[in-house]
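Participant: Build me a model from this:
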Amino acid sequence: MGVDMNLPNALTVSRLVAIPVLMVLLAARFPYHDQIAAAVFLAASLTDTLDGNLARHRGQVTELGKFLDPLADKLFILSVLIVLVQERELAAWVVVVIFGRELLITVLRSLSASQGSVIAATPFGKTKTVLQVAAVLLLILQRPYPALELPATVVVLLAVVFTVLSGLDYLWRFRAVIERVERPRAMGGGAPGAESPVDPLVRRLHERMRGGGLTLAVAESCTGGMLAAAITEQPGSSAYFKGGVVAYSNEVKERLLEVPGDLLRRHGAVSAEVARAMAEGARRRLEVDVAVSITGIAGPDADGTEKPVGLTHVWLAAAEGGGGRRFVFPGDRWTNRRQAVSEALTLLLARVED
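Facilitator: Now for the predicted structure:
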């Protein structure tokens, strides 16, 4: 079995090859060795952006590239930082902070991948990377050019601040990844016959629906049945929940929910107009008092549309009128879907509590 060494992968490998070269240049003492080291570092850093863009543009994303790219990134920057600590150009605690953050995010990405979702880079993360590269470049160049000592110190401090902030941002945005690690334990333990945890919103909805004598149906696209599953986790929900339609494709939206084809072509499946048609179709076809729909782009990509990842429309249809809300969720695929379910339940509660 051969190794697919295409151009993007070769650029990634070049960063690994640059590591010993940079270490020698930083430790050596000959004319212009620091300037050469800075040039090599900058050139190697630019390949980090270039290899990913080329791989996506050329359709050359490979398993080898997915493995090598994050490995090369971390080894490259950390190796240079360690040499700078040895050369007394950088405090060791800075490297500890940067390494700790990278380790934390690596573990988070691995957990997310094992759960079938991808953690995309965040604005904080991208800013952190740019500042780290600028900080290292200035640390190298301050040796032959002492006037750069103050700018180097300022940028290093900024890089540390954004390193910490980006780590906290990742933990907050993708907290559902950690929650899902614990969830199986909570659901799997307990005495025989113990019930699974029920969403508090579902418990409240259950009380209101049962007391009001209303019937309910759902129409889902991006959530793939998660809303129906959440509602039916509550024992006794069959008293008011009649069923739902998982209309993942436009064909099913047209056939089962009677969403007009020209509406789909004009506005796209992820739109307020289609969300409304889905909810009204579910209410009509399943003959219920209230129906709620969800349609969105959960991620990790936008499925060829220009609409942003996380864009979600939730709509409620009832005899006395309907209404909906638009969201752009910032999380990963799983988090976006969970948030869509929560917002649909919130919309339902607001109506039945009125």
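Participant: how far does stretch 84-91 stretch from start to finish?
Facilitator: Its first and final residues considered, stretch 84-91 spans 9 Å by Cα to Cα, to the nearest Å.
Participant: One more: stretch 234-241?
Facilitator: Using Cα to Cα, one end of stretch 234-241 lies 11 Å from the other.
Participant: So residue 291, which state does it fall into?
Facilitator: With DSSP: H, G, I helix; E, B strand; the rest coil as the basis, residue 291 sits in strand.
Participant: Can you give me the neighbour number for it?
Facilitator: Number of residues near residue 291 (other Cβ atoms under 10 Å) recorded here: 30. (Glycine included, C-beta is placed from N, CA and C.)
Participant: can you pull the contacts of it?
Facilitator: Residue 291 sits next to 216-219, 279-280, 282-283, 316-318 when contact means Cβ atoms under 8 Å, 6 or more residues apart in numbering.
Participant: could those residues go into JSON lines alongside distance to residue 58, pLDDT and secondary structure?
Facilitator: Below are the contacts of residue 291 laid out as JSON lines (distance: Cβ to Cβ, whole Å; pLDDT from 0 to 100; DSSP: H, G, I helix; E, B strand; the rest coil):
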{"residue": "216", "distance to residue 58": "48", "pLDDT": "96", "secondary structure": "strand"}
{"residue": "217", "distance to residue 58": "46", "pLDDT": "97", "secondary structure": "strand"}
{"residue": "218", "distance to residue 58": "41", "pLDDT": "97", "secondary structure": "strand"}
{"residue": "219", "distance to residue 58": "39", "pLDDT": "97", "secondary structure": "strand"}
{"residue": "279", "distance to residue 58": "42", "pLDDT": "97", "secondary structure": "helix"}
{"residue": "280", "distance to residue 58": "44", "pLDDT": "96", "secondary structure": "helix"}
{"residue": "282", "distance to residue 58": "43", "pLDDT": "96", "secondary structure": "helix"}
{"residue": "283", "distance to residue 58": "47", "pLDDT": "96", "secondary structure": "helix"}
{"residue": "316", "distance to residue 58": "45", "pLDDT": "96", "secondary structure": "strand"}
{"residue": "317", "distance to residue 58": "45", "pLDDT": "95", "secondary structure": "strand"}
{"residue": "318", "distance to residue 58": "50", "pLDDT": "94", "secondary structure": "strand"}
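Participant: Just the buried residues from the residues you listed, in PyMOL please.
Facilitator: Restricted to buried positions by 16 or more other Cβ atoms under 10 Å, the PyMOL selection for the contacts of residue 291 reads:
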select buried, resi 216+217+218+219+279+280+282+283+316+317+318
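Participant: Can you add distance to residue 79 and give the contacts of residue 291 back as a markdown table?
Facilitator: Converted to a markdown table, the contacts of residue 291 look like this (distance: Cβ to Cβ, whole Å):
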| residue | distance to residue 79 |
| --- | --- |
| 216 | 58 |
| 217 | 58 |
| 218 | 53 |
| 219 | 53 |
| 279 | 56 |
| 280 | 60 |
| 282 | 57 |
| 283 | 61 |
| 316 | 55 |
| 317 | 59 |
| 318 | 62 |
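Participant: in the stretch 1-150 of the chain, which spans are helices?
Facilitator: 7-27, 33-58, 63-86, 92-114, 123-141, 149-173 (DSSP state H, counting those that start in this stretch).
Participant: Packed most tightly, which of the ones you listed would that be?
Facilitator: helix 123-141 (a mean of 20; mean count of other Cβ atoms under 10 Å).
Participant: Export only the CA atoms of that one, formatted as PDB.
Facilitator: C-alpha atoms of helix 123-141 as PDB (Å, rounded to 0.1, in the frame of the first residue of the first chain):
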ATOM      1  CA  PRO A 123     -11.700  33.200  15.300                       C
ATOM      2  CA  PHE A 124      -9.900  33.200  18.700                       C
ATOM      3  CA  GLY A 125      -7.900  30.200  17.600                       C
ATOM      4  CA  LYS A 126      -6.900  31.800  14.300                       C
ATOM      5  CA  THR A 127      -5.900  35.000  16.000                       C
ATOM      6  CA  LYS A 128      -3.900  33.000  18.500                       C
ATOM      7  CA  THR A 129      -1.900  31.300  15.700                       C
ATOM      8  CA  VAL A 130      -1.100  34.500  14.000                       C
ATOM      9  CA  LEU A 131       0.100  36.100  17.300                       C
ATOM     10  CA  GLN A 132       2.200  33.100  18.100                       C
ATOM     11  CA  VAL A 133       3.900  33.200  14.700                       C
ATOM     12  CA  ALA A 134       4.500  36.900  15.100                       C
ATOM     13  CA  ALA A 135       5.900  36.500  18.600                       C
ATOM     14  CA  VAL A 136       8.400  33.800  17.500                       C
ATOM     15  CA  LEU A 137       9.500  35.900  14.500                       C
ATOM     16  CA  LEU A 138      10.100  38.900  16.700                       C
ATOM     17  CA  LEU A 139      11.900  36.800  19.400                       C
ATOM     18  CA  ILE A 140      14.300  35.500  16.700                       C
ATOM     19  CA  LEU A 141      14.900  38.900  15.200                       C
END
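Participant: on that earlier part again, quick one: which of the contacts of residue 291 is nearest to residue 82?
Facilitator: Nearest to residue 82 among the contacts of residue 291 is residue 218, at 54.5 Å by Cβ to Cβ.
Participant: residues in contact with the closest one?
Facilitator: 227-228, 231, 244-245, 282, 291-294, 344.
Participant: Rebuild those residues as CSV, extending it with distance to residue 9.
Facilitator: Below are those laid out as CSV (distance: Cβ to Cβ, whole Å):
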residue, distance to residue 9
227, 41
228, 43
231, 47
244, 45
245, 44
282, 48
291, 50
292, 46
293, 43
294, 39
344, 43
